[in-house]
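In: One predicted model, sequence on top.
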Amino acid sequence: VGTFFQERPVLKNPFLEDALLHKYLRRTVPAQVREPVAADLARFGERLVSEVHRLGRQCEEDPPRLQQYDAWGCRVDRIVTCPAWANMKEISAQEGLVAAGYERTYGEWSRVYQMSKLYLYSPSAGLYTCPLAMTDGAAKVIESLGVTETVEEAFRRLTSRDPQRFWTSGQWMTERKGGSDVASGTETVAQLQPDASYRLYGFKWFTSATDADMTLTLARVVDTHGRTLQGSRGLSLFFATLRDQHGNLKDIEVQRLKDKLGTRQVPTAELLLDGLPAQRISGEGRGVASIASMLTITRIHNTVSAVAAMRRIIQLGREYATKRFVFGKFLKDHALHVQTMARMEVETRGAFLLLMEVCWLLGREEVGSASALQLHLLRLLTPVAKLYTGKQAIAVVSEGLECFGGQGYMEDTGLPAMLRDAQVLSIWEGTTNVLSLDVLRGVAKSRGQVLEAFFTDTKAKLKAATGNPALAPALTAVDSALHALGGFVQRSGQKPSAYAELAA
Ligand code: MFK
Ligand code: FAD
């Protein structure tokens, strides 16, 4: 049967392997922040290799299942997840993977720190990053709307580092009629109760990480005549805890778990809400506007996962290229193979830098130091980064699988799961076209100012990179875009450009 066995690619500390992340930290982050952050990322990188990666594989190999009845025929609707999934929850709390975004220990760099950690974690996390994204999003909504008594305990738990107290949250928006068009697709209704709470009745078609402790969801309040208001203005935002003190689901039936192409580690269910007790946390009719801050956070998490998947497949591919020997030399010495990997690297670098820019802008927004220009940039770049990296991750990971030849197609290498899991990144949290329209929504609502901010910022950066003649045509193009936008902004009845000084 032959004596040759191919040496396998080995996962090394992903932080120490990531030259671009090191360079980014060195170039942009002040030393008093960089040093503790880099030390923590290096330590966490070791933990990923020695402990977490194996758990992530277990989540893939032992997917969740639904136990609908107990031995005596009683309906129990228990979502059974593997022990590794529970370990991921503990690790996420201990490492502060949500908490770090709210402790703000590193001021405006806190989100860069938190998202860098998630970026290292994501490809080893067995998709535990999915509940973490929604948990972070829920904390952000609560913080944005104000931490009232109703949600104070929930906010503490969502942002806790104590594994015994840490909660995860769901984000239930999608119904059978509409996941993109939530405004006309939402049929769930909210019946007001004498104590000013509500009970929710409806069917949620996609609910991921259904083992969560709480959720935020949209429903239409029924008025005293039994009527509801249709469209976006009829939707309000509700907070609900999911289980009673015995751990049983409250007034929720799990119709079934979804049979999915990928993300098999995550329990995604169809839920019938049959009077779920809930509290309204937005103004009536302000549901979509209020959940928008959750969308911002989860879309940034999606970008983290996309860039992380690209980086991980390149790290493994580079390793393999030093071990696979064909046509008389290692893959790393075949110019054509190197060209393929270099193209993947360029895409990944661009995506990484875009991601970090968005994280930094979010961090500044949260400590109140963002300028008007930076707030506009955050609004514009969040959907752009999500839609672009979501698509790129599928292409880069697919190319990455090919770098391993036939082995890239073999289930027990763990590589095919990366492609399956990448495929969802362009669908959930807003499809590519829906996010393109979100960019236009941002442009229209700001009457062009988000674009003006972008071109102004780009111009400033091009000017800073003086002496490179290749950039001259880009500068001319940016100038004419700014000129055209200036007219648009003024015609829209806005004050003259807020950025005129900087643009000059
Ligand atoms: C592993 C990492 C990732 C983990 C993922 C976790 C698991 C996946 C979970 C999910 O997939 S959860 C479901 C995600 N669903 C979506 O992303 C929905 C996609 N559809 C959209 O985004 C639609 O554009 C949207 C539902 C928002 C359209 O709704 P409307 O009601 O037609 O929007 P409209 O009327 O234009 O806006 C209503 C308000 O929201 C406006 O504010 P005002 O009332 O104050 O004027 C908008 O400005 C505001 N708004 C909408 N999008 C916004 C926004 N504000 C800020 N940012 C945005 N992006
Ligand atoms: P549609 O809205 O029917 O879209 C179909 C096609 O039409 C897409 O190509 C879309 O781009 C296009 N389209 C739609 N509107 C327009 C337009 N105006 N212009 C041009 N093209 C358009 N949702 C939750 O709420 N919570 C969850 O936890 C959750 N988990 C999920 C987990 C997985 C694994 C998956 C796959 C989905 C999950 N979703 C969840 C649902 C997800 O957010 C939706 O599937 C997604 O937003 C798309 O909505 P839809 O399925 O209704 O597709």
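Out: Yes, it's here. Ligands and ions are numbered 1, 2, ... in the order given.

In: Which parts of the stretch 51-200 of the chain are helices?
Out: 53-61, 83-94, 99-103, 110-121, 129-145, 149-158, 182-185 (DSSP state H, counting those that start in this stretch).

In: would you list the ones you listed in JSON lines and tack on mean pLDDT?
Out: Shown next, in JSON lines, are those (pLDDT from 0 to 100):
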{"stretch": "helix 53-61", "mean pLDDT": "97"}
{"stretch": "helix 83-94", "mean pLDDT": "98"}
{"stretch": "helix 99-103", "mean pLDDT": "98"}
{"stretch": "helix 110-121", "mean pLDDT": "98"}
{"stretch": "helix 129-145", "mean pLDDT": "98"}
{"stretch": "helix 149-158", "mean pLDDT": "97"}
{"stretch": "helix 182-185", "mean pLDDT": "96"}
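
In: How about the residues of the stretch 1-150 of the chain by ligand 1?
Out: Contact residues, the stretch 1-150 of the chain versus ligand 1 (CB under 6 Å from any ligand atom): T129, C130, A133, M134. To be clear about C-beta, it is placed using only N, CA and C from the backbone, and glycine gets the same treatment.

In: wait, doesn't the last one sit right on S169?
Out: Yes - here M134 lies in contact with S169, judged by CB atoms under 8 Å, at a distance of 5.3 Å.

In: Mind listing the shared neighbours of those two?
Out: Shared contacts of M134 and S169, defined by CB atoms under 8 Å, 6 or more residues apart in numbering, are found at A212.

In: re earlier: now the helices of the stretch 51-200 of the chain as CSV including distance to T210?
Out: Shown next, in CSV, are the helices of the stretch 51-200 of the chain (distance: least, CB to CB, whole Å):
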stretch, distance to T210
helix 53-61, 15
helix 83-94, 12
helix 99-103, 23
helix 110-121, 22
helix 129-145, 10
helix 149-158, 17
helix 182-185, 19
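
In: Now distance to ligand 2 too, for the ones you listed, in TSV please.
Out: Shown next, in TSV, are these (distance: least, CB to the nearest ligand atom, whole Å):
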stretch	distance to ligand 2
helix 53-61	14
helix 83-94	16
helix 99-103	20
helix 110-121	18
helix 129-145	7
helix 149-158	16
helix 182-185	7
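
In: With mean neighbour count as added columns, please give those in CSV.
Out: Converted to CSV, the helices of the stretch 51-200 of the chain look like this (neighbours: other CB atoms under 10 Å):
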stretch, mean neighbour count
helix 53-61, 19
helix 83-94, 19
helix 99-103, 21
helix 110-121, 26
helix 129-145, 25
helix 149-158, 17
helix 182-185, 16
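
In: among the ones you listed, which is nearest S290?
Out: helix 129-145 (6.2 Å; CB to CB).

In: which parts of the protein sit against ligand 2?
Out: So far as CB under 6 Å from any ligand atom goes, the chain lies against ligand 2 at 171-174, 178-181, 206-208, 260, 263, 268, 424, 427-428, 430-431, 433-434, 437.

In: try it again with 5 Å
Out: 173-174, 179-180, 206-208, 263, 268, 424, 428, 431, 433 (CB under 5 Å from any ligand atom).

In: Buried ones only from those, please, as a ChimeraX command.
Out: To isolate the buried subset of the residues of the chain next to ligand 2 in ChimeraX, counting by 16 or more other CB atoms under 10 Å, use the following:
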select :173,174,179,206,207,208,263,268,424,428
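
In: In strands, which of the residues of the chain next to ligand 2 fall?
Out: F206, T207, S208, T268 (DSSP state E).

In: In CSV: those, plus pLDDT.
Out: As requested, these are arranged in CSV below (pLDDT from 0 to 100):
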residue, pLDDT
F206, 98
T207, 98
S208, 96
T268, 98
